[in-house]
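**Student:** Sharing a model prediction with you, sequence too.
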Amino acid sequence: MASHVFETMGTVVSASFRDGLPDRAILNGIEREFREWDDRYSLYRPETELSRLASGEVSLLDASAHLRSTYELALEWRSSTGGAFTPHRPDGVLDLSGVVKAMAMDAAANGLESAGARNWAINVGGDIVISPTSGGVDPWRVGIVDPQDRTEFLTSVALEGDRRACATSGVSERGDHIWRAHGRSEFVQATVLANDIVTADVLATAIIAGGAETLDLACRRWPIDVITVDAAAALRMTPGAVSAMNRASFLPHM
């Protein structure tokens, strides 16, 4: 196992390769992809396009096609989750961080696939997407942190097949930073397993924001598996999540 690690988007990105590091050009491409997204969408840097939009320096009509399409995707997620996910802060500021990190991960993953890289995983702040698996290759074992003790793992799950992505959203690490359109949710952490990282990341956030109602909606509408933890430390797990957890118990630690 070899890893390429760098910092961007205010977090750590780790690209791990079971068959050894690929060419430097491929690694540079991963870094470039993430930095280009951060250069456009960070709200912590006044020169980015999104910051200039938020400050009123430019209007949405004058924004790039890239930004407008990202905003459109975020609005589609708002509609499909009944407003549990939203790209707007309570003060009205447009904030696309709820989709941008996952979209950057997805773009980097597509770049690795196009370059012919195999047996890899991209980890950004604990959210993970893996390469398509083939016969004879062990799944990736992913640890899920305990929201009651961030130094411990709650459990582990196996990523394989049509569960290539895992995203966890919660309030224990950064506080209650998730905007809630319908009052306070009973969940303090939600982990979603899906076939793509954008779906996993958006729905993990939406479930925290919308609570049990959104959890039920998400499980009906999308092919996902979910693990939630409420304020009393009670767990809810879909059958597929239980299977992924049981499968992980037979895998070596990565």
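**Tutor:** Cool, the structure landed. Numbers count the residues shown, from 1 in each chain.

**Student:** Name all residues that make contact with the residue positioned nearest the centre of the chain.
**Tutor:** Geometric centre of the chain, nearest residue: residue 201, 3.4 Å, by CA atoms, centre = their mean. Residues near residue 201 by CB atoms under 8 Å, 6 or more residues apart in numbering: 98-99, 101-102, 127, 165, 167, 169, 192. C-betas here are computed from N, CA, C, even on glycine.

**Student:** Which residue ranges of the stretch 101-250 of the chain form helices?
**Tutor:** All helices of the stretch 101-250 of the chain, identified by DSSP state H, counting those that start in this stretch, fall at 197-210, 212-221, 239-248.

**Student:** Highest mean neighbour count out of the ones you listed?
**Tutor:** helix 197-210 (a mean of 27; mean count of other CB atoms under 10 Å).

**Student:** could you check the angle helix 212-221 makes with that helix?
**Tutor:** Orientation of helix 197-210 against helix 212-221 (axes from the mean of the first three to the mean of the last three CA atoms, to 10 degrees) gives an angle of 150 degrees.

**Student:** what's the closest non-adjacent residue to residue 95?
**Tutor:** residue 89 (5.1 Å; CB to CB, 6 or more residues apart in numbering).

**Student:** Quick one, grab the pLDDT at the one you found.
**Tutor:** Looking at residue 89, its pLDDT reads 91.

**Student:** re earlier: what's the closest of the helices of the stretch 101-250 of the chain to residue 151?
**Tutor:** Counting by CB to CB, residue 151 lies closest to helix 239-248 out of these; the figure is 19.5 Å.

**Student:** which residues does residue 14 bridge with?
**Tutor:** Beta bridges link residue 14 to residue 5, residue 123 when assigned by DSSP bridges.

**Student:** I'd like to know how many residues surround it.
**Tutor:** For residue 14, the count of nearby residues is 14 (other CB atoms under 10 Å).

**Student:** residue contacts, it?
**Tutor:** For residue 14, the contacting residues are 3-5, 122-124, by CB under 8 Å, 6+ apart.

**Student:** Buried subset of those residues, written for ChimeraX?
**Tutor:** In ChimeraX, this line selects whichever of the contacts of residue 14 come out buried by 16 or more other CB atoms under 10 Å:
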select :4,122,123,124
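
**Student:** Looking at the contacts of residue 14, spot the one nearest residue 241.
**Tutor:** Of all these, residue 241 sits closest to residue 123, with 19.2 Å by CB to CB.

**Student:** any chance of the contacts of residue 14 in JSON lines, with pLDDT and distance to residue 21 too?
**Tutor:** As requested, these are exported to JSON lines (pLDDT from 0 to 100; distance: CB to CB, whole Å):
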{"residue": "3", "pLDDT": "97", "distance to residue 21": "8"}
{"residue": "4", "pLDDT": "97", "distance to residue 21": "6"}
{"residue": "5", "pLDDT": "97", "distance to residue 21": "11"}
{"residue": "122", "pLDDT": "98", "distance to residue 21": "14"}
{"residue": "123", "pLDDT": "98", "distance to residue 21": "15"}
{"residue": "124", "pLDDT": "97", "distance to residue 21": "18"}
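
**Student:** Contacts only, for residue 212.
**Tutor:** Counting by CB under 8 Å, 6+ apart, residue 212 has contacts 186-187.

**Student:** From residue 185, how far off is it?
**Tutor:** Distance of residue 212 to residue 185, given as CB to CB, to the nearest Å: 8 Å.
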